[in-house]
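Colleague: Any chance you could fold what I've pasted below:
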Amino acid sequence: MILAGPSKSITAVPRHRPRVVVLCAEERLRQLLTYWLNSMPLDVTTATNGRSAADVLARHGGEAVLVTDRTLPPWPGLPPLPVLKQQNPSLRIVGIDGGAAGPMQAHGPSLSGADVTVTRPFSRLALRRSILATG
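Modeller: Modelled structure (predicted):
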């Protein structure tokens, strides 16, 4: 709460709610992430394939965070993540890795195109921190 004068108060409102696009191959993970993220002050869109994610990202420009469990190989209909970031430098990407043998751990976040990697299993708080760490 921000105080404005001796007796007036104004609630601080964020300029905008960050756009998050969830693109995961596993339906259960996609549903869980969407549920978790909808409980946060975010505009969440769930994409079931690369084309729909590309459409959302094209419509909403650079103020977006892409949360995905697949970085290598790229999603059909969506450019490889490093190319996507070249096209839209302000796009932030959170990669969800399956563990020590996952491609993001093997190649590192920068080679996969992710800004931040979250390794499974993870908590809602870890996901939130990862999204905030991209900005």
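
Colleague: For Leu29, what is the enclosing helix or strand?
Modeller: helix 27-38 (DSSP states H and E).

Colleague: Quick check: next helix or strand after the least confident helix or strand in the chain by mean pLDDT?
Modeller: Sorting the helices and strands of the chain by mean pLDDT, DSSP states H and E puts strand 8-10 at the bottom, at a mean of 37. Remark: after strand 8-10, the chain's next helix or strand is strand 19-23, criterion DSSP H and E.

Colleague: in that next one, what counts as buried?
Modeller: Arg19, Val20, Val21, Val22, Leu23 (16 or more other C-beta atoms under 10 Å). To be clear about C-beta, it is placed using only N, CA and C from the backbone, and glycine gets the same treatment.

Colleague: Tell me where the model's unsure across the protein.
Modeller: Low-confidence segments of the chain (pLDDT under 70): 1-16, 61-62, 71-73, 99-111.

Colleague: quick one: the helices in it?
Modeller: 27-38, 50-60, 81-87, 103-112, 124-133 (DSSP state H).

Colleague: Just tell me which of those ends up closest to Val44.
Modeller: Closest approach to Val44 among those is made by helix 27-38 (4.6 Å; C-beta to C-beta).

Colleague: Near Thr45, how many other residues are there?
Modeller: Thr45: 20 surrounding residues under other C-beta atoms under 10 Å.

Colleague: In contact with it, which residues?
Modeller: The contact partners of Thr45, by C-beta atoms under 8 Å, 6 or more residues apart in numbering, come to Arg19, Val20, Val21, Val22, Val56.

Colleague: one more time with 6 Å
Modeller: Val21, Val56 (C-beta atoms under 6 Å, 6 or more residues apart in numbering).

Colleague: Tell me how far the closest residue to Ala25 other than its chain neighbours lies from Pro80.
Modeller: With C-beta to C-beta, 6 or more residues apart in numbering as the criterion, Ala25 has its nearest non-adjacent residue at 5.3 Å, and that residue is Arg70. Distance, Arg70 to Pro80, using C-beta to C-beta, to the nearest Å: 11 Å.
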